[in-house]
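Asker: here is a sequence with its predicted model. Questions after.
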Amino acid sequence: MNSKVFKIGIFNSIGLYFIIRPILFITLIDFGVIFCVKMYYDMTVDQIKVVVFGLLLLSFIFYLLPLIILLLNYFIKNKGASIKIIYSNNSVCRAEYSRAGKKVEFNTAEINKIECNFSVTSFENRMKFFFWDEYFYYVIILKDNSRVFIPCILCDQIEEIFTSIKFIRIRRYFPFY
């Protein structure tokens, strides 16, 4: 029996994609815009300070603050969480979700359905404008009506893992649970 374990981490491949990449991206864009403004316009130091402050403030309010709120929500509700997928004969045999001393074990026969909660642009497969458009979470609903919440920063491959389960795609304006 093979198994694969997923954990929340800033420096694993999922963390790099969902956490580090947006912060680096918005920082590079802000400093690139500031550099271009400085190169093409004859501005005083005070005017440049106003442009820098305004651009960084707008970036924080419209991009980074919602991203931080979403990340804190995912981290707080999934602190120390992990999901272990156990395979038998190259197919999923069962899964073990654990968080804060609580452990939920289930096999594929016990899963009623899986809800995929996406932002509007991800749901409609459109170009993503905001960083939180790439965030999503799964709700695994078992036959006893218990629910397991799995955010994308814990495991973003649930659809590829549980291929035989019914998936319901749900559109959310802000993927907050």
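Answerer: It's in.
Asker: in the protein, which residue is most central in space?
Answerer: The residue lying closest to the centre of the chain (CA atoms, centre = their mean) is Tyr135, at 3.5 Å.
Asker: need the contact list for that residue.
Answerer: Residues counted as contacts of Tyr135 (CB atoms under 8 Å, 6 or more residues apart in numbering) are Phe18, Leu70, Tyr74, Ser119, Pro151, Cys152, Ile153, Pro175. Any C-beta I mention is one placed from the backbone N, CA and C, and that applies to glycine too.
Asker: give me the buried subset of those.
Answerer: Among the contacts of Tyr135, those buried by neighbour count (16 or more other CB atoms under 10 Å) are Phe18, Leu70, Tyr74, Ser119, Pro151, Cys152, Ile153, Pro175.
Asker: and the strand or helix carrying Thr27, what's buried?
Answerer: Using DSSP states H and E, Thr27 sits within helix 21-40. For helix 21-40, the neighbour count (16+ other CB under 10 Å) marks Pro22, Ile26, Asp30 as buried.
Asker: state the distance from the second one to Phe62.
Answerer: Think Ile26. In this view, Ile26 and Phe62 are 10 Å apart by CB to CB, to the nearest Å.
Asker: just the first one next, same as before
Answerer: Taking CB to CB as the measure, Pro22 and Phe62 are separated by 12 Å.
Asker: same question for Thr121.
Answerer: Taking CB to CB as the measure, Thr121 falls 15 Å from Phe62.
Asker: who has more neighbours, those two?
Answerer: Thr121 (17 against 12; other CB atoms under 10 Å).
Asker: just the element for that one, please.
Answerer: helix 120-123.
Asker: can you show me the strands along the protein?
Answerer: Under the criterion DSSP state E, strands of the chain are mapped to 2-7, 82-88, 91-99, 102-107, 111-119, 136-142, 147-151, 167-172.
Asker: Val37 is nearest to which of those strands?
Answerer: Among those, strand 111-119 comes nearest to Val37, with 30.9 Å by CB to CB.
Asker: so what are the sheet partners of that closest one and their directions?
Answerer: strand 136-142 (antiparallel), strand 167-172 (parallel) (DSSP bridges).
Asker: show the average pLDDT along that strand.
Answerer: For strand 111-119, the mean per-residue pLDDT is 92.
Asker: need the contact list for Ser146.
Answerer: Val104.
Asker: how does it look with 10 Å?
Answerer: Residues in contact with Ser146, defined by CB atoms under 10 Å, 6 or more residues apart in numbering, are Val104, Phe106, Glu110, Asn112, Ile140.
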